[in-house]
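Chemist: output the structure for:
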Amino acid sequence: MQSPVVPRIPLLVPELPTLEALTPYLRRIDQRRWYSNFGPLVSEFEARIAASFRQPGQLQSSYAVTVGNATAGIELALRALNLPRDSLVLVPALTFVATATAVLSAGLTPVVADVDSEQWLLTPEIALDASERLPLRAVIPVATFGCAQDAAAWTRFHAATGLPVIIDAAAAFGNQLDPGPTCAVFSLHATKPLAAGEGGVVVTHDAAFAATVRQLSNFGIDLSGAHGVPVGSTTLVGTNAKMSEYHAAVGLASLDAWPHTSQLRRDCFERYFVVIESACGSQLQWQAMHCSAIRSVCCVLLSCQMQRDRAETELKLRGIATRRWYLPLIHEHPAFQRLQHLPAPCAQDIGRRALGIPFHLSLDQDAMTEIAGTIAVALTTA
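Modeler: Residues are numbered from 1 along each chain as shown. Below you'll find the model as predicted:
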């Protein structure tokens, strides 16, 4: 069996805390010998995350519940809604498979909808149209590639329809500043801008909802005594989705460095964008994202599928990694081909033209120039 070829310029390079930055937190674990089950580092991490969502002048409190990963977070958030089995949950066609698998794992049924052509997001307008066609019970809009969802618009959608809105904000920490009317779920995977190696966090303004998600993450065991049964009784059917103290240690060290690393990501993308635009002119289409957004990946649209395929080939020949992010579309995966799906012309168009190119803090100017030049060659090749 041949070993896989390692790209000369990789697609992603995880940025996690150094041993030096981690050591103070690891020492605290050694001193306390508390390794899981809502330990002190987990509690501190949750408190710091929750505090980061409190905006000046905002009266609402924020609550953060850590989980083993963001997929589990979405599943538990859905379970916390206590929807009837097989209820219809709207998801976008352009998303990572975890969005759909979380719905199915919660005993619910995903329905696939389109995204808009500018931000590549499932919007409240698209969801409202779908809700008028189908008996939806919830919506999971995705902060695609870290692009923040309009939480205020989703709050208005919720007020008009009564439908819960769980924002899959896996790659959007630092961009999705409002968790919306129900909650937002963030990933702490090693490849995300804020990384704990693995893990996730559910953020909400609803204290009762947060408590339910927390209980579900611990097998459904009631530790509050609030249900009129002995403490330690299982009152919900949950699972084991708790974050360990070790992952919380990595998360805390990442939070310590967050002001610096988030700015480095902004600066890196700004330089990259200038280099690519200089080489390719206006021939590429970019996702419409706020200028101060913290990027997790870099995905561009070429003019047609043939041009995308040509750029992909040229980059591969030079040892430059690429990926067709979020492709195939959700309902085109073999496991999900039986899912009900609404017309998705924008998502299909994006799917034909999208190409993920390297983006990470290890990219130097020479690598950026080579990537941009290679794409430019593909654009001009007949």
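
Chemist: how far out from the middle of the chain is the helix or strand residue 79 falls within?
Modeler: Applying DSSP states H and E as the criterion places residue 79 in helix 70-80. How far helix 70-80 lies from its chain's middle: 13 Å, per C-alpha atoms, centre = their mean, to the nearest Å.

Chemist: where does residue 89 sit: helix, strand or coil?
Modeler: With DSSP: H, G, I helix; E, B strand; the rest coil as the basis, residue 89 sits in strand.

Chemist: report how many residues lie close to it.
Modeler: Using other C-beta atoms under 10 Å, the number of residues around residue 89 comes to 27. Using the backbone N, CA and C atoms, a C-beta is placed for each residue, glycine as well.

Chemist: can you pull the pLDDT of it?
Modeler: At residue 89, the model reports a pLDDT of 98.

Chemist: can I see the domain layout of the chain?
Modeler: 19-253, 258-380 (automatic domain parsing).

Chemist: residue 27: what secondary structure?
Modeler: helix.

Chemist: please list all residues in contact with it.
Modeler: Listed by C-beta atoms under 8 Å, 6 or more residues apart in numbering, the contact set of residue 27 is empty.

Chemist: can you mark which positions in stretch 316-331 are buried?
Modeler: By neighbour count on 16 or more other C-beta atoms under 10 Å, the buried set for stretch 316-331 is 320, 321, 322, 323, 325, 326, 327, 329, 330, 331.

Chemist: quick one: which of these is nearest residue 104?
Modeler: When the buried residues of stretch 316-331 are compared for distance to residue 104 (C-beta to C-beta), residue 330 wins out at 11.3 Å.

Chemist: now do the contacts for that closest one.
Modeler: Residue 330 neighbours (C-beta under 8 Å, 6+ apart): 91-95, 97, 99-100, 110, 112, 336, 339, 341.

Chemist: out of those residues, which are inside helices?
Modeler: 97, 99, 100 (DSSP state H).

Chemist: still on that earlier bit, let's have the buried residues of stretch 316-331 in a markdown table, adding distance to residue 271 and secondary structure.
Modeler: Shown next, in a markdown table, are the buried residues of stretch 316-331 (distance: C-beta to C-beta, whole Å; DSSP: H, G, I helix; E, B strand; the rest coil):
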| residue | distance to residue 271 | secondary structure |
| --- | --- | --- |
| 320 | 17 | strand |
| 321 | 19 | coil |
| 322 | 20 | coil |
| 323 | 21 | strand |
| 325 | 21 | coil |
| 326 | 25 | coil |
| 327 | 27 | coil |
| 329 | 32 | coil |
| 330 | 33 | helix |
| 331 | 37 | helix |
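
Chemist: and the two most separated of the residues you listed?
Modeler: Farthest apart among the buried residues of stretch 316-331 - using C-beta to C-beta - are 320 and 331, which lie 30.3 Å from each other.

Chemist: on that earlier part again, buried set for the helix holding residue 79?
Modeler: 70, 71, 72, 73, 74, 75, 76, 77, 78, 79, 80.

Chemist: look up how far residue 376 lies from the last one.
Modeler: Residue 80 sits 49 Å away from residue 376 when distances are taken as C-beta to C-beta, to the nearest Å.

Chemist: picking up where we left off before, ok, and the most crowded of the ones in helices among the contacts of residue 330?
Modeler: residue 99 (27 neighbours).

Chemist: which strand or helix spans residue 34?
Modeler: Judged by DSSP H and E, residue 34 forms part of no helix or strand.

Chemist: so it sits against residue 42, correct?
Modeler: No - judged on C-beta atoms under 8 Å, residue 34 makes no contact with residue 42 at a distance of 9.2 Å.

Chemist: check which helices and strands the helix ranked longest in the chain sits against.
Modeler: Counting residues, the longest helix found in the chain (DSSP H) is helix 245-280. The elements that helix 245-280 packs onto, with contact taken as 3 or more C-beta pairs under 8 Å, 6 or more residues apart in numbering; DSSP states H and E, are helix 19-32, helix 40-52, strand 298-301, helix 365-380.

Chemist: go again with 6 Å.
Modeler: Packing contacts for helix 245-280, counted by 3 or more C-beta pairs under 6 Å, 6 or more residues apart in numbering; DSSP states H and E, involve helix 19-32, helix 40-52, helix 365-380.

Chemist: I'd like the average pLDDT over that helix.
Modeler: 97.

Chemist: right, and the helix or strand after that helix?
Modeler: strand 285-286.

Chemist: residues touching that following strand, excluding its own?
Modeler: With C-beta atoms under 6 Å, 6 or more residues apart in numbering as the test, strand 285-286 has contacts from residue 301.

Chemist: what do you get if the cut-off is 8 Å, keeping everything else the same?
Modeler: 273, 300, 301, 302, 353.

Chemist: could you dump those residues to CSV with distance to residue 216?
Modeler: Below are those laid out as CSV (distance: C-beta to C-beta, whole Å):
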residue, distance to residue 216
273, 41
300, 39
301, 39
302, 43
353, 40
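
Chemist: of all the residues you listed, which comes closest to residue 245?
Modeler: residue 273 (39.1 Å).
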